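Novice: I'd like to go over a predicted model; first the sequence, then the structure.
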Amino acid sequence: MVYKVKLSTFEGPFDLLVHLIENARMSIYDIKVSEITDQYIQYIDQMKKQEIEVATEFIVLAAALIEIKSRMLLPRTISGEEVDELADPREALVERILEYKKFKNAAAAMEEAEKNNMRIFEKPQEDITCFLEKPDEYLKMDINQFVNSFNLFLRRKQKLEDIRKTYTRLERQKISEEQKIRYIRALLHNTTGGEITFADLLREDESRYNTAVTFSSILEMAKWNHIELSQKRNFGPIFIKAAGEEGVNA
Amino acid sequence: MSSNKVIKAAFESMMFTWGEPLDVKLAADVFGITSKEAYDIFNELKGEYDSQGRGIRIREINKAFQFVTSPDVYDYIERLCTPSKQKKLSQAALEVLAIIAYKQPVTRGEIEAVRGIKCERVLEGLENKNLIEEVGRSPGIGRPILYGTTDMFLRNFGFTSINELPDIDDIESVVHEQDEEGDSSQVTFNLSQGNMK
Amino acid sequence: MSSNKVIKAAFESMMFTWGEPLDVKLAADVFGITSKEAYDIFNELKGEYDSQGRGIRIREINKAFQFVTSPDVYDYIERLCTPSKQKKLSQAALEVLAIIAYKQPVTRGEIEAVRGIKCERVLEGLENKNLIEEVGRSPGIGRPILYGTTDMFLRNFGFTSINELPDIDDIESVVHEQDEEGDSSQVTFNLSQGNMK
């Protein structure tokens, strides 16, 4: 019998095997392994002769076929009990061939779909650059982000407030009016002539707070006639002098 | 001879594929008909698109026909094709916006007292973004502008009323202390030495 | 709320302008309608073009719609011009693509097990053509890449969605006729057994 074998690049060992089986008009479920193995090996030899590179995978399947072929020669049933274990050695091969054929067929169906699809045309996108140049700007505002950022600000503020309050309290503790009056009295007492200027009292601390406390202190002392205040001209130096008995005593 | 219906369908797909205005002569040659016959069919087709009020129309340019979009639906195409860019508010803007949202109506002075920093430019930015607006004048000295949030602001969060803003418990206390502090710091010592004799 | 007729007209011009498959979600957003509503309108419109036997049709690709020419008038377009065509895939590429299409997500190992031959390069080619993509990693040893098909695959093969692929168990009958045709076109180099010795 003369039959034709296409010497084309097969898509893989299974592609070749399926081709040989179909060509020999064999049932996949009853492969004549011996015959197919011979043809398969012949084909590979032919490829080699034509100097077509034979992928290792083709050789692997050849080996598998030879193994099945040899197992087919063994008696199939020895005793009733062992039938299951000695299943048809072709079974796994048949399964793989069927699985491959399934997708080979699917590929053919897809090729047809591709061919049909080539009969329709799309059109390119119109020129929309005029729209792209002026994007719509919209605000991304998330309520959680909004509240979080505000809470963060509040906390920061709170912390700052706490620091500021402590600081103010400390400063107030440092110099009260009573302390100031005691200080001025001592200063007058230790000064020869018993006269100083307002500026003398601020020499060490010119802060607004100290100025205010010092000023209100001398007003207080003047009110009780403990000191006498005098100023020769507007914005001129203020002279402070111990008054009356206290001054004399000093 | 192809039927009128087939020729029309072919003309449609030919115009679609061609893109540029399709010359009547060129189209006529495909069917072996005269330019006059092709021209009439194109015009018939054009009439169909017009009378059906389709979103794509056929326009004639000097014995050539072309598919174009209908001007009636320009706005939708614009909306489709215009990319949108997200913009985010700066931290400063978020803070000022939050103060206005929770304390409105509020003057610039009050906002600045809370934040301890000037915010003229931030207010301007928020106003331009239509998130805040002038809602009146304070009866205080200089009758300063009162600010409030806009509907756009509410819409941004999907709120229908300002009452839907989440509660922030500490806001009153913090802002309150702030106010006192502001008051005390404003006390100035107004006695001049000249007054004292 | 825009009328159904206005939306349809707008969808037509939007698809025409967009060229690429227009995502239903994108179109829905232009009108502030739901994707489901937009999808139904697109389908209604598609039905109109089909039933009127127009030369341009609407096709769906995975929840996106696109104007394309009708295959019925292909011959006339070809007579008018030779539009550039995509290149046909090789047999190997088609087989690998078929395995991925039907078994996705699938690893290279699984594909190679079916075909009994390595397919690294074929996968690379399909990925470059944007027909397949990595869709994740298998939890198996070595965490191999899982492959799936892309929207471009659907588009190039004219499938609406991956669910629309022909039933793989029914393919056999369809393909047998195909095979005969395939054989004749595949004639390459015929050796008689005599030659092979």
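Specialist: Cool, got the structure.

Novice: what about the closest residue to residue B:157 other than its chain neighbours, neighbour count?
Specialist: Of all residues not flanking residue B:157 in the chain, residue A:143 sits nearest, at 4.7 Å (C-beta to C-beta, 6 or more residues apart in numbering or on different chains). From N, CA and C alone the C-beta is placed, and that goes for glycine too. Residues lying near residue A:143 (other C-beta atoms under 10 Å in any protein chain shown) number 14.

Novice: Distance check, residue A:143 against residue B:30.
Specialist: 62 Å (C-beta to C-beta, to the nearest Å).

Novice: Likewise for residue A:159?
Specialist: Remark: distance between residue A:159 and residue B:30 (C-beta to C-beta) = 82 Å.

Novice: Compare these two and say which one has the larger neighbour count.
Specialist: With neighbours defined as other C-beta under 10 Å, residue A:159 and residue B:30 compare such that residue B:30 has more, 20 against 10.

Novice: where do the strands sit along the chain?
Specialist: All of this refers to chain A. Ranges of strands within chain A are A:4-6, A:136-139, A:195-197, A:227-231, A:238-242, based on DSSP state E.

Novice: Not quite, go with chain B.
Specialist: Under the criterion DSSP E, chain B contains strands at B:22-23, B:56-60, B:64-69, B:84-87, B:106-107, B:132-137, B:145-149.

Novice: Kindly provide the whole-number mean pLDDT of the second one.
Specialist: So that's strand B:56-60. When pLDDT is averaged along strand B:56-60, the result is 95.

Novice: One more: stretch A:159-170?
Specialist: Computed over stretch A:159-170, the average pLDDT equals 71.

Novice: ditto for stretch A:63-71
Specialist: Averaged over stretch A:63-71, pLDDT sits at 89.

Novice: same check, this time on stretch A:225-242
Specialist: 87.

Novice: Name the residues of that stretch that are buried.
Specialist: With burial defined by 16 or more other C-beta atoms under 10 Å in any protein chain shown, the residues of stretch A:225-242 counted as buried are A:226, A:227, A:229, A:231, A:238, A:239, A:240, A:242.

Novice: and what of stretch A:202-211?
Specialist: residue A:210.

Novice: wait, what's in contact with the spatially most central residue of chain A?
Specialist: Nearest to the geometric centre of chain A sits residue A:145, at 18.2 Å (C-alpha atoms, centre = their mean). With contact taken as C-beta atoms under 8 Å, 6 or more residues apart in numbering or on different chains, residue A:145 is in contact with residue B:94.

Novice: And it, how far from residue B:101?
Specialist: In terms of C-beta to C-beta, residue A:145 sits 13 Å off from residue B:101.

Novice: All the helices of chain A, residue numbers only.
Specialist: Per DSSP state H, chain A carries helices over the ranges A:13-23, A:33-49, A:56-73, A:91-117, A:129-132, A:143-174, A:177-190, A:198-201, A:208-223, A:244-249.

Novice: same check, this time on chain B
Specialist: B:4-18, B:24-31, B:35-51, B:74-81, B:91-103, B:108-115, B:120-128, B:151-157, B:171-186.

Novice: Now residue B:44. Nearest residue, chain neighbours left out?
Specialist: Nearest non-adjacent residue to residue B:44, counting by C-beta to C-beta, 6+ apart: residue B:8, 7.3 Å away.

Novice: about what we covered before: in TSV, list the strands of chain A along with distance to residue C:3.
Specialist: Below are these laid out as TSV (distance: least, C-beta to C-beta, whole Å):
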stretch	distance to residue C:3
strand A:4-6	62
strand A:136-139	25
strand A:195-197	92
strand A:227-231	91
strand A:238-242	89
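
Novice: which one of the ones you listed lies closest to chain B?
Specialist: strand A:136-139 (4.3 Å; C-beta to the nearest C-beta).

Novice: hmm, who's touching that closest one?
Specialist: B:82, B:83, B:84, B:85, B:86, B:87, B:88, B:89, B:129, B:131, B:156.
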